[in-house]
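Visitor: Please find the sequence and the predicted model below.
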Amino acid sequence: MLSAFRSAFATPDLRKKIFFTLLIVAVYRIGAVTPAPGVSFPNVQACSAQADQTGVYSLLNLFSGGALLQLSIFSTGIMPYITASIIVQLLTVVIPRFEELKKEGQAGQNKLTQYTRYLTIALGILQATGVVALAERGNLFQGCTEQVIPDNSIWSMAMIVITMTAGTAVMMWMGELITERGVGNGMSVLIFLNIAARIPAEGSYILSAQGGLVFTLVCVFGLVIIASVIFIEQGQRRIPVQYAKRMIGRRMYGGTSTYLPIKVNQAGVIPVIFASSLLYLPQLISQLVGGSNSSAGWYVFLQNYVINQSNWVHIVSYFALIMFFTYFYITITFNVDERAEEMKKFGGFIPGIRPGRPTAEYLSFVLGRITLPGSLYLGIIAILPNFFLSITQQGNNQSFPFGGTQVLIMVGVALDTVKQIESQLMQRNYEGFLR
């Protein structure tokens, strides 16, 4: 491992990529703590300490690295780009034009990327407007009476929205710069950075509030979780594919054997994001219609069962939604009929399975069986923080850093980045990270 790092920094072009990535990361973190114009920084700091980070804003605050509750110029975080990417990906199944662009290769992909950028800016405007409106009304920081935006005129509010939207565009640009000229996938690296930036503060609270024994147990348990996630993320089912020999002129093509890899966690972290977003809707509804309805039966049920993250109703609902969205997302993104048709078109077949419809049915059967343990794995990892709220909770702030969306994203991004560095080292005949 150390020799591989030494080789990476000894290679001039790879060293430049690593330093360029670190430079972009430093600029990004500076922007994440720089308050937007028109925002009272002392009042924001005072209110942020009292903010509820287990509720409707926790996912947004997670992907912004805490910048949301700082009202910084990067308050919108990476969430607009993630949402835009998911929407465009799902629309390729619904809109024929998008499906045609996907099949056109690099030119079509560039067009889809451009649509993703436009949609990201639009979602950035909506999110920035919502954040500013909530902050101005005092709903962003529950229980805080400080005025975080002293000047609530239309021009001041518009300036803050424009600044945050520009921050969204800058974040998207920096992510693309890392992808093109740095190491790893740019947006994934920024998400990894946002999550990693919160771990020291959460660990510090556990150490100071619960003592060294609990802190040690949490660290050991976290290492076990990370090792388990790495093991399962690397797991895949390899379906053998044989390509028949073809004579074209006087030359023979094909006759090769390969495999079609199907990962255990084919859906990644998308089902967790979908389920989390859906479960935040009841809390948002309760905040909008609370007050006079606080004694109503449905309102009490939402507060005690659906919104309460340590309640078994919330945990079971969260787990069931993750399993549902795992099957739903894989069904949309992994088209077995299309894969079977591609194999048939290029003369490929699965040994013992006839090409065409039987191949599609076999792929659907295998995908259904391997998706079940994948969905169970996602659900178990995602609900782990719910069982530790009584131990690692500071007021309203959840402080368990080794569960749910955090560890899934961090492990996935770390594995992908290490593999990219290793592939570049292997091109130069150096021993890589993975042996």
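Guide: Now that the structure is in, tell me what you want to look at. Numbers count the residues shown, from 1 in each chain.

Visitor: hey, let's count contacts and neighbours off CA atoms from now on
Guide: OK.

Visitor: in this structure, what spans have low per-residue confidence?
Guide: 1-5, 49-66, 138-139, 142-143, 246-250, 252-255, 284-310, 387-404, 428-435 (pLDDT under 70).

Visitor: ok, which stretches of the stretch 101-250 of the chain are strands?
Guide: Counting by DSSP state E, counting those that start in this stretch, the stretch 101-250 of the chain has strands at residues 236-243, 246-248.

Visitor: among those, which is the most enclosed?
Guide: Mean neighbours per residue, mean count of other C-alpha atoms under 10 Å, is largest over these for strand 236-243, with a mean of 15.

Visitor: Just the C-alphas of that strand, formatted as CSV.
Guide: Output of strand 236-243 as CSV, limited to C-alpha atoms (Å, rounded to 0.1, in the frame of the first residue of the first chain):
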residue,chain,number,x,y,z
GLN,A,236,-21.0,-10.1,-8.1
ARG,A,237,-22.5,-12.9,-10.0
ARG,A,238,-20.6,-13.6,-13.2
ILE,A,239,-22.8,-15.1,-15.9
PRO,A,240,-20.6,-16.8,-18.6
VAL,A,241,-21.2,-15.6,-22.2
GLN,A,242,-19.8,-17.3,-25.3
TYR,A,243,-19.5,-15.6,-28.6
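
Visitor: Parallel or antiparallel, list what pairs with that strand.
Guide: strand 257-263 (antiparallel), strand 348-349 (antiparallel) (DSSP bridges).

Visitor: could the strands of the stretch 101-250 of the chain be laid out in JSON lines, adding distance to residue 338?
Guide: Converted to JSON lines, the strands of the stretch 101-250 of the chain look like this (distance: least, C-alpha to C-alpha, whole Å):
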{"stretch": "strand 236-243", "distance to residue 338": "15"}
{"stretch": "strand 246-248", "distance to residue 338": "22"}
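
Visitor: Can you say which of the strands paired with strand 236-243 is nearest to residue 312?
Guide: Of all the strands paired with strand 236-243, it is strand 257-263 that lies closest to residue 312, at 30.1 Å by C-alpha to C-alpha.

Visitor: Need the residues that contact the closest one.
Guide: Under the criterion C-alpha atoms under 8 Å, 6 or more residues apart in numbering, residues 233-243, 367, 370 lie in contact with strand 257-263.

Visitor: list the contacts for residue 150?
Guide: By C-alpha under 8 Å, 6+ apart, the neighbours of residue 150 are 38, 39, 40.

Visitor: same deal with residue 90?
Guide: Residue 90 makes contact with 332, 333 under the criterion C-alpha under 8 Å, 6+ apart.

Visitor: what about 10 Å?
Guide: Residue 90 sits next to 84, 98, 99, 329, 332, 333 when contact means C-alpha atoms under 10 Å, 6 or more residues apart in numbering.

Visitor: Next up, identify which helix or strand it is on.
Guide: According to DSSP states H and E, residue 90 maps onto helix 79-94.

Visitor: Can I get that helix in PDB? Just the C-alpha atoms.
Guide: Listed next in PDB are the C-alpha coordinates belonging to helix 79-94 (Å, rounded to 0.1, in the frame of the first residue of the first chain):
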ATOM      1  CA  MET A  79     -28.200  17.300  -4.100                       C
ATOM      2  CA  PRO A  80     -29.500  19.300  -7.200                       C
ATOM      3  CA  TYR A  81     -27.000  17.500  -9.400                       C
ATOM      4  CA  ILE A  82     -27.800  14.100  -7.900                       C
ATOM      5  CA  THR A  83     -31.500  14.600  -8.400                       C
ATOM      6  CA  ALA A  84     -31.000  15.900 -12.000                       C
ATOM      7  CA  SER A  85     -28.900  12.900 -12.800                       C
ATOM      8  CA  ILE A  86     -31.400  10.400 -11.400                       C
ATOM      9  CA  ILE A  87     -34.300  12.200 -13.300                       C
ATOM     10  CA  VAL A  88     -32.500  12.200 -16.600                       C
ATOM     11  CA  GLN A  89     -31.500   8.500 -16.100                       C
ATOM     12  CA  LEU A  90     -35.100   7.500 -15.400                       C
ATOM     13  CA  LEU A  91     -36.400   9.600 -18.300                       C
ATOM     14  CA  THR A  92     -34.300   7.600 -20.700                       C
ATOM     15  CA  VAL A  93     -36.800   4.800 -20.100                       C
ATOM     16  CA  VAL A  94     -39.900   7.000 -20.500                       C
END
